[in-house]
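Novice: curious how this folds, go ahead:
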Amino acid sequence: MITVVSIGIRYYYAATQELWIDEVLVLQIAHENDWKQTALVEHWDKSHPPLLHLYTKVLLKFISYDDKIALRFLSFFLGGLATIPLMRYIKVTHKSATAAILGGILFAINPTITANSFSLRPYGVIIFLFLIFLASTRNLDLHSDVKKYQKMILINIIIIFSFFWDYSSIWFLLPFAVITVIKVKSKVYPFVYTQNRLV
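Specialist: The predicted structure is shown next:
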């Protein structure tokens, strides 16, 4: 249900919401500059990282019929479909209530920020990175691999801030905080969580 609704909302915003000034600027830069110039775009566009312009340029090659959809495609695709394996992972490894709460947080973040449509694209990317984070830490023992776990969180945070670095970044760090608390709790009280069953 979360996945279906999230895809619908993201597609609605991507297809119907008018472009904001910053989005128009991103499209203009991607259209009018070659790859090298686009990579150096931070010299005249201080608000957005070069990576945003680069993958927008790639998407414009494949979705040339609609600039608006191309600009926002990554968000409603990853941000919607990627919730399927995410919810499955949480459901299998933790209580159903945990899956519902975490799913609600991940879903609620997006409508909260979509008043500014520029936030649609990085949200999808962060969900994708979060899935990688979950898969790679599935069997990690926090007591013996604490430093490794901390390094992985740091790497993910660095990647997040490579996409955007304004105050809205804090919203995308919430899922990492939630899953960290869940993992620590499941290790401290292992008798509570055993493959989604109470001992």
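Novice: below-threshold pLDDT in this structure: ranges please.
Specialist: 1-10, 13-14, 38-51, 74-199 (pLDDT under 70).
Novice: okay, now the domains of it?
Specialist: 2-77, 84-188 (automatic domain parsing).
Novice: number of residues surrounding Asp22?
Specialist: If you count neighbours by other Cβ atoms under 10 Å, Asp22 ends up with 14. Yep, even glycine has a C-beta here, placed from its N, CA and C like the rest.
Novice: tell me the SS of it?
Specialist: helix (DSSP: H, G, I helix; E, B strand; the rest coil).
Novice: surely Leu54 is in contact with Lys36?
Specialist: No - Leu54 lies out of contact with Lys36 (Cβ atoms under 8 Å); the separation is 10.7 Å.
Novice: can you pick out the residue with more neighbours from those two?
Specialist: Leu54 (15 against 7).
Novice: measure that one to Leu27 for me?
Specialist: Per Cβ to Cβ, to the nearest Å, Leu54 is found 13 Å from Leu27.
Novice: same question, Phe73
Specialist: Taken as Cβ to Cβ, the span from Phe73 to Leu27 is 13 Å.
Novice: before we move on, what about Leu52?
Specialist: With Cβ to Cβ as the criterion, Leu52 and Leu27 are 11 Å apart.
Novice: equivalent analysis for Trp20, please.
Specialist: Counting by Cβ to Cβ - Trp20 and Leu27 are separated by 11 Å.
Novice: quick one on the thing from earlier: more neighbours: which of Phe73 and Leu27?
Specialist: Phe73 (23 against 19).
Novice: helix, strand or coil: sort out the more buried one for me.
Specialist: Phe73 ends up helix, using three-state DSSP.
Novice: can you count the residues close to Ala30?
Specialist: 23.
Novice: same deal with Phe62?
Specialist: With other Cβ under 10 Å as criterion, Phe62 counts 9.
Novice: doesn't Thr56 make contact with it?
Specialist: No - taking contacts as Cβ under 8 Å, Phe62 lies outside contact range of Thr56: 11.3 Å.
Novice: list residues touching both of those two?
Specialist: Common contacts of Phe62 and Thr56 (Cβ atoms under 8 Å, 6 or more residues apart in numbering): Ala70.
Novice: which helix or strand contains Tyr11?
Specialist: helix 2-16 (DSSP states H and E).
Novice: go on, Gln28?
Specialist: Using DSSP H and E, Gln28 falls in helix 21-32.
Novice: name the helices or strands packed onto that helix?
Specialist: For helix 21-32, the contact count by 3 or more Cβ pairs under 8 Å, 6 or more residues apart in numbering; DSSP states H and E identifies helix 50-62, helix 67-81 as packing neighbours.
Novice: who touches the nearest residue to Asp67 once chain neighbours are set aside in this structure?
Specialist: Take Asp67 and drop its neighbours on the chain: the residue closest to it by Cβ to Cβ, 6 or more residues apart in numbering is Leu27, 5.4 Å away. Counting by Cβ under 8 Å, 6+ apart, Leu27 makes contact with 19, 56, 60, 67, 71.
Novice: which of those lies closest to Glu32?
Specialist: Ranked by distance to Glu32 (Cβ to Cβ), those are led by Leu60 at 11.5 Å.
Novice: thanks a lot, see you next time.
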